[in-house]
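Pasted the sequence and its predicted model underneath.
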Amino acid sequence: MSDHPSDHPSDHPSARPSAAPLKRLHIKTYGCQMNVYDSERMADVLRPLGYALSDEAEGADLVVLNTCHIREKAAEKVYSELGRLKAMREAKLARGEGRSTIVVAGCVAQAEGEQIMIRQPAVDLVVGPQAYHQLPELIARTTRARGERLSADFAADEKFDALPAERGVSGPSAFLTVQEGCDKFCTFCVVPYTRGAEWSRPVADIVAEAEGLAAKGVRELTLLGQNVNAYNGAGPDGAPTSLASLCRRLAQVEGVARLRYTTSHPADMGEDLIAAHGELDVLMPYLHLPVQSGSDRILRAMNRKHTARSYMDLVGRIRTARPDLALSSDFIVGFPGETDKDFEDTLALVREVGFASAFSFKYSRRPGTPAAAMPGQVEDAVAEDRLARLNALLDEQRLAFNRATVGKRFDVLFEKPGRHPGQAVGKSPWLQAVFVENAEPLIGRIAPVVIEDAGNNSLRGALTPHQAAA
Ligand code: 5AD
Ligand code: SF4
């Protein structure tokens, strides 16, 4: 980064953003959708300082790695990326193009701030998920005192108040964080430690953000939270408001045609939320409801607070409310103590429920979590084999689910151009990618499509004659 005074936010009031020279910002996002939202908000915070987003780290003045700590692999990727960035920065300096600033944000920053600084001295700044609203000030400090490294710790709830109201929008579908943190303490999971206790944004703030997004052409909102269905933000009268009530309120926002929410815990799937799936057309018939395992013994050791049967009963109640609802889930194989029989129970649950999509992971031992100290850590080769078998079954179910749409007609929200000229890609109500020829003029809109073909990862469809002529 240059020594230009515009690097100092105090020198450049945001009322004159156009006066600042354009600086290139590259943000690399790892992990979950909450991180995608946070990365977008970091760009919003930095835009008034003259930072424009760049797809490339090469040549960027400021590079932010927004990191994920959930599994060891995700956390380790950060260090190899930092090595690459360091070399890139040296090459840029040698070309006389100024020094770039390297920031590590997100959950690895929160959990391992000090170690990051020690392991990779090229890092200028470490900033946790609750402190990135302070980026302008922190970056100004690093450029003033070159070599000084600052790590910003957990700053509780001030972040949302400090973020700019204006959001950059890239398409008709947007994420909106409504809840953060988790009080569930599943024994394998770092989230309660990295993201802290459950906290919900007030309804009015969320509605204002939703209205701002809708005014910019957003038609679909995905409400985000580590444990989103535990949402209980303050309503207009100050009283705690459920996720179901929040959805009802957001359904009234003009322009919002689709609502989704993720990620949910089975124990927080309240009756009013189940009922909302039957009552609210805007609530899409697709739910990500992690189960993790189909073995009650393992679920107990995981501190999941549900059994395989209670999960399946819950799914039954949700499907009664909304018969066309499709489910997705997360699974962990190779949790400490998992036997072949426990794993067979997981396969049995998958066969009974039937998932449209799923994410499955090999258990990753996370220091500091209760499961890390449990006996019976499963051999890697065994876990690998179970993962392959589970994935084979889940892939089969996903393909069957996709194929069942062939010949059907439903609404697609068109999001972006496809690979061929004129082609557009959109999303089905069940979150499937749908490729449609001659649909480019419909980007940003919802239109009915007839599905002609289906593969593992996407569907191909055609506009109905009426739409094609319009
Ligand atoms: N090892 C493997 N997978 C994990 N997840 C969370 N912690 C771990 C871990 N230690 C998975 C869970 C969760 C998803 C976001 O990541 O399945 O639902
Ligand atoms: Fe982690 Fe469990 Fe909380 Fe999900 S519910 S974030 S898996 S502790």
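Structure's in. What do you need? Numbering: from 1, shown residues only. Ligands and ions are numbered 1, 2, ... in the order given.

C-alpha from now on. contacts and neighbour counts both.
OK.

what's next to stretch 253-266, contact-wise?
With CA atoms under 8 Å, 6 or more residues apart in numbering as the test, stretch 253-266 has contacts from 207, 210-211, 214-215, 217-230, 247, 250-251, 282-284, 286-291, 306, 311, 314.

Nearest residue to the residue of the stretch 301-450 of the chain found nearest ligand 2 in space, please, no chain neighbours.
In the stretch 301-450 of the chain, no residue comes nearer to ligand 2 than R304, which is 7.0 Å away by CA to the nearest ligand atom. Distances taken as CA to CA, 6 or more residues apart in numbering put C186 closest to R304, at 5.8 Å, once the chain neighbours are dropped.

if we can go back for a sec, tell me how many other residues crowd the residue of the stretch 301-450 of the chain closest to ligand 2.
20 (other CA atoms under 10 Å).

A strand includes it, no?
No. Counting by DSSP: H, G, I helix; E, B strand; the rest coil, R304 is not found in a strand; it is coil.

all numbers from here: first residue = 13
Shifting the count to begin at 13 puts that one at R316.

roughly how far apart are it and Y243?
Separation of R316 from Y243 (CA to CA, to the nearest Å) stands at 18 Å.

For stretch 131-140, C-alpha coordinates in PDB please.
This file holds the C-alpha atoms of stretch 131-140, laid out as PDB (Å, rounded to 0.1, in the frame of the first residue of the first chain):
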ATOM      1  CA  ARG A 131       3.900 -18.400  12.000                       C
ATOM      2  CA  GLN A 132       3.700 -15.900   9.300                       C
ATOM      3  CA  PRO A 133       5.300 -12.500  10.000                       C
ATOM      4  CA  ALA A 134       4.100 -11.100   6.700                       C
ATOM      5  CA  VAL A 135       0.600 -10.700   8.200                       C
ATOM      6  CA  ASP A 136      -0.100  -7.000   9.000                       C
ATOM      7  CA  LEU A 137      -3.400  -7.400  10.800                       C
ATOM      8  CA  VAL A 138      -5.600 -10.000  12.400                       C
ATOM      9  CA  VAL A 139      -9.200  -9.200  12.800                       C
ATOM     10  CA  GLY A 140     -12.000 -11.400  14.300                       C
END
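
and that stretch, how far out from the chain's middle?
Relative to its parent chain, stretch 131-140 has a centroid offset of 23 Å by CA atoms, centre = their mean, to the nearest Å.

what about it, average pLDDT?
The average pLDDT within stretch 131-140 is 91.

what comes up buried for that stretch?
A134, V135, D136, L137, V138, V139, G140 (16 or more other CA atoms under 10 Å).

show me where pLDDT drops low in this structure?
Counting by pLDDT under 70, the low-confidence segments of the chain come to 13-33, 156-168, 479-482.

Please, where are all the helices along it?
For the chain, the helices defined by DSSP state H occupy 45-58, 84-106, 118-131, 147-156, 170-174, 203-206, 215-227, 255-263, 283-291, 308-313, 320-333, 352-365, 392-415, 477-481.

Looking at these, spot the one closest to G434.
Smallest distance to G434 across those (CA to CA): 12.2 Å, for helix 477-481.

hang on, the earlier thing: give me the neighbour count for the residue nearest to R316.
Burial of C198 is recorded as 20 neighbouring residues (other CA under 10 Å).

you'd agree it is up against M314?
Yes. Between C198 and M314 there is a contact at 5.4 Å, judged by CA atoms under 8 Å.

the domain parsing of the protein - what is it?
Using automatic domain parsing, the domain parsing of the chain gives 22-167, 170-415, 421-481.

ok, now how distant is L337 from H289?
Distance from L337 to H289, by CA to CA: 9 Å.

And stretch 139-146, end to end?
Stretch 139-146: ends 9 Å apart by CA to CA.

how far is it from where the chain is centred?
17 Å.

and what of stretch 446-462?
Using CA atoms, centre = their mean, the offset of stretch 446-462 from its chain centre is 25 Å.

what's in contact with it?
183-184, 229-231, 418-430, 432, 434-440, 470-476, 479-480.

Among the residues you listed, name the buried ones.
183-184, 229-231, 418, 421, 423-430, 435-440, 470-475.

which residues does A383 contact?
A383 touches T199, F200, M314, P348, R377, counting by CA under 8 Å, 6+ apart.

next one: M281
M281 sits in contact with N241, where contact means CA under 8 Å, 6+ apart.

Could you measure from it over to ligand 1?
16 Å (CA to the nearest ligand atom, to the nearest Å).

same check, this time on T358
T358 is 13 Å from ligand 1, where distance means CA to the nearest ligand atom.

Does that residue touch S307 like I think?
Yes. Between T358 and S307 a contact is recorded at 6.1 Å, counting by CA under 8 Å.

count of neighbours near L34?
Count around L34 with other CA under 10 Å applied: 15.

Same question for D397.
D397, neighbours per other CA under 10 Å, totals 14.

and if you look at T351?
T351, neighbours per other CA under 10 Å, totals 16.

likewise P453?
Number of residues near P453 (other CA under 10 Å) recorded here: 12.
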